[in-house]
Each structure stands twice: as C-alpha cells, then as structure tokens.
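# any chance you can model this:
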Amino acid sequence: MFAGQLLAYAALEEDRHVTWIPSYGPEMRGGTAHCIVIVSDEEIGSPLVKHPTVALVLNPPSLEKYAPLVKPNGVLILDSTLIQTRSARSDIQEIAVPAKEIADELGAPQIANVVMLGALLAATHVVALETMDKVLEEHVSAKHRHMLQANKMALRRGAEFVRARQPA
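Numbering: from 1, shown residues only. This next block holds a predicted model:
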C-alpha cells in the first residue's frame, strides 16, 4: 500500500492524472492486500483495471493471482527472495528482484516494497527517481522519519538492480 501511495503522489507531483485504490483482505494485518494505481497523461475514465501493464508481486499467492492478468508486453516484477517460481509467460518482461534480501541488507526488512518500487521506476520510467525522493521527504510520517534515508537507499538499490540487468 505504501509503495502504491508513493507512486500516486509522485505522479501527481509530475502533473499526471492518477487513481489509487487500496484493497485489504479480511484479516487486515497479515492478510493479503493489494492496490491499483493508474498513472496517465490523460483523464482516467475508470479506476478499475482488469489487465494491468505492470504488476509488483511480493508473495506466491499474488504471483498466482496477478501474473496471468498482466497485459502482453507488460512488466511483472516479483520478489525473488520470497517467490521461488516464475510466471512462465514469454509475452511479458519478468524481473525477479531479491527485494526482501536487499531490504534485510539495509537493516529494514519492512522496506522491501520500496526496493520493488525502485525496480519499477527503473523498468518503466513512469516517474523520475528524483520526484520519488521529494515524495518520500514529504510523505514519510514523523513516526517513521528515522526510516527516510533507508527508504531512499532501498529505492536506489531496487533501481540499480534492474539497471544492471538491462541491455545497454
């Protein structure tokens, strides 16, 4: 949810049209959750998406549910630390990022979602990394302010991981 919110705020910062819809499973804490973020240069007619262009998946059940929905030529980014299988789709770009492992190296396992967000930015260029830095500065709460630099580092590590694997 946090990564989705950050993406929505960054797109707004870049004067884009945005929708953000969170969806929590019945358990709330520890249950499944997802969000839909639409970023567009044009007005958005509906906030619902049946076939996303990009999906970030952080666990095996999400891979099973969302990988088949990604549009052909879309991007699927998954946390390879937690997901051992792959989608087996040849019509999408699949990027396996060891997000939880990177977050653990940074001393903050809870920011694996921000590592994934950095990977998304590098893979799609939907918003600038510098815009996301500004959004982090503005939207990390006082309670979590001590995590600001770790979040910025997580963002960069995710982006660097993808850039290092893209063809020159």
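# how many neighbouring residues does residue 92 have?
If you count neighbours by other C-beta atoms under 10 Å, residue 92 ends up with 18. Where C-beta positions appear, they are placed from N, C-alpha and C, glycine not excepted.
# where does it land on pLDDT?
Looking at residue 92, its pLDDT stands at 97.
# equivalent analysis for the one 4 residues further on, please.
For residue 96, the pLDDT comes out at 97.
# got it, and residue 27?
On pLDDT, residue 27 comes in at 49.
# for the helix ranked longest in the chain, what is the distance to the chain centroid?
Among all segments of the chain classified by DSSP state H, the helix with the greatest residue count is helix 148-163. On the basis of C-alpha atoms, centre = their mean, to the nearest Å, helix 148-163 sits 12 Å off its chain's mean C-alpha point.
# and if you look at stretch 116-125?
Per C-alpha atoms, centre = their mean, the centroid offset for stretch 116-125 relative to its chain is 7 Å.
# buried residues in it, which are they?
116-124 (16 or more other C-beta atoms under 10 Å).
# where exactly do the helices run in the chain?
2-13, 60-66, 99-105, 112-124, 129-139, 148-163.
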